[in-house]
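S.K.: A structural model of the following input is requested.
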Amino acid sequence: MKAKLILSVAVLLAHILLVADLDARTSARAERTAKRMRKQIVSELKTLPDHPWAGEYYAGDGLGVNTSLSIAPKSGFVFEWHGCLGLYDRNYGAVVSTNDRLRLSFTFENQQKGFQGIAPELIPVQWGERRYLVPADDVVGFCNRVNDGSEPRDGAHGFFLLRKGDEKKQVAGSPKVPKEFEPYLLSEPIVAEIVSVRAYKTRPSVVEWKFKDTPVILNAGRKNGLRPGMELLVTEPSNVVESVRITKVTENQSEAVMIQSGEDDPGPKAGWRVSTRPPWRVLKVKP
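M.R.: Modelled structure (predicted):
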């Protein structure tokens, strides 16, 4: 009984601290600080026209996810997340550039969950005149978006932070990702077929439905260019909007998993075809 009481008190205190922290970052005082810092950043940016990473960036879908990052070497950074209901998150602080990575020092606790948070380490990626800031732990995800044609995007909305205005700039070749990730950028799409399907497992989500994870085997592997973390979209049947992510590769086959939202959704079947670039995505990059 005593242990349960202590646990309940601890949970309550954690909730109080979380609410207090959220109130602090959305307060009028934080708003004033963010506005002042953003003004300093913009002023500094005017003196850094060709800087490799300083700038004002955006990533989002225009609905519940609208993240912005203003960042400069001396003035630091301001991060905000806006959605349908207003301001969801805000943070600001200093930035340190070491070993081609940007490390953010946060004023408030940075929690990457729900509609909050930003990667604490970012990698500047140059693609022609475009500048992206990619989470250090999701460079493979960025390569997947390049492979499937989501990047280079021709509008403001997208998965990864892109310097504002750069969506209007044309690119050629491949983005300059760290050398160890270069093999993840494909010169040609990889097409494969699901040859077998294993029993699925479910796991809880933050809402009522569960995630459904279905392991599959593909008839393409290392010699075809596949690597762990790569994502392939279902192209046949054409009415299926799903994807698989590679978990393990051998020379001629790959293990992958299809993650679906909802246990009742029909799972994958042998004979389905998948590709790193679906046919409805038009190539927007010059050789």
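S.K.: who are the neighbours in contact with residue 44?
M.R.: Counting by CB atoms under 8 Å, 6 or more residues apart in numbering, residue 44 touches 54, 72-75. Heads up, the C-betas are built off the backbone N, CA and C, glycines and all.
S.K.: tell me which element residue 71 falls in.
M.R.: Here residue 71, judged by DSSP states H and E, is contained in strand 66-72.
S.K.: Touching that strand from outside, list them.
M.R.: 37-38, 40-42, 44-45, 48, 51, 53-60, 77-83, 95, 102, 118, 133, 161.
S.K.: 7 Å - rerun?
M.R.: For strand 66-72, the surrounding residues in contact (CB atoms under 7 Å, 6 or more residues apart in numbering) are 38, 41, 44-45, 48, 54-60, 77-83, 95, 118, 133, 161.
S.K.: list the helices and strands whatever helix or strand comes next after it packs on?
M.R.: Per DSSP H and E, the first helix or strand lying C-terminal to strand 66-72 is strand 76-83. Using 3 or more CB pairs under 7 Å, 6 or more residues apart in numbering; DSSP states H and E as the contact test, the elements touching strand 76-83 are helix 28-45, strand 66-72, strand 86-98.
S.K.: pLDDT on strand 76-83, on average?
M.R.: Averaging pLDDT along strand 76-83 yields 97.
S.K.: can you check stretch 243-251 too?
M.R.: Stretch 243-251 shows a mean pLDDT of 98 in the predicted model.
S.K.: Show the low-confidence segments of the stretch 101-250 of the chain, by residue range.
M.R.: The model of the stretch 101-250 of the chain has no residue with pLDDT under 70.
S.K.: how does it look with 90?
M.R.: Within the stretch 101-250 of the chain, the stretches falling below the threshold (pLDDT under 90) are 113-114, 204-210.
S.K.: how about the strands of it, start to end?
M.R.: 101-106, 121-127, 130-135, 158-163, 191-197, 201-204, 210-218, 231-236, 243-249 (DSSP state E, counting those that start in this stretch).
S.K.: Each with direction, which strands does the fourth one pair with?
M.R.: If I follow you right, that is strand 158-163. strand 55-60 (antiparallel), strand 130-135 (antiparallel) (DSSP bridges).
S.K.: wait, doesn't residue 278 sit right on residue 233?
M.R.: Yes - under the contact definition of CB atoms under 7 Å, residue 278 touches residue 233, with a separation of 4.8 Å.
S.K.: Compare these two and say which is more crowded by neighbours.
M.R.: Counted by other CB atoms under 10 Å, residue 278 and residue 233 do not tie: residue 233 has more neighbours, with 22 against 17.
S.K.: quick one: the residue lying closest to residue 212 once chain neighbours are set aside and residue 28, what's the gap?
M.R.: With sequence-adjacent residues excluded and distances taken as CB to CB, 6 or more residues apart in numbering, residue 212 is closest to residue 260, at 4.4 Å. Residue 260 is 43 Å from residue 28, where distance means CB to CB, to the nearest Å.
S.K.: Lovely, talk soon.
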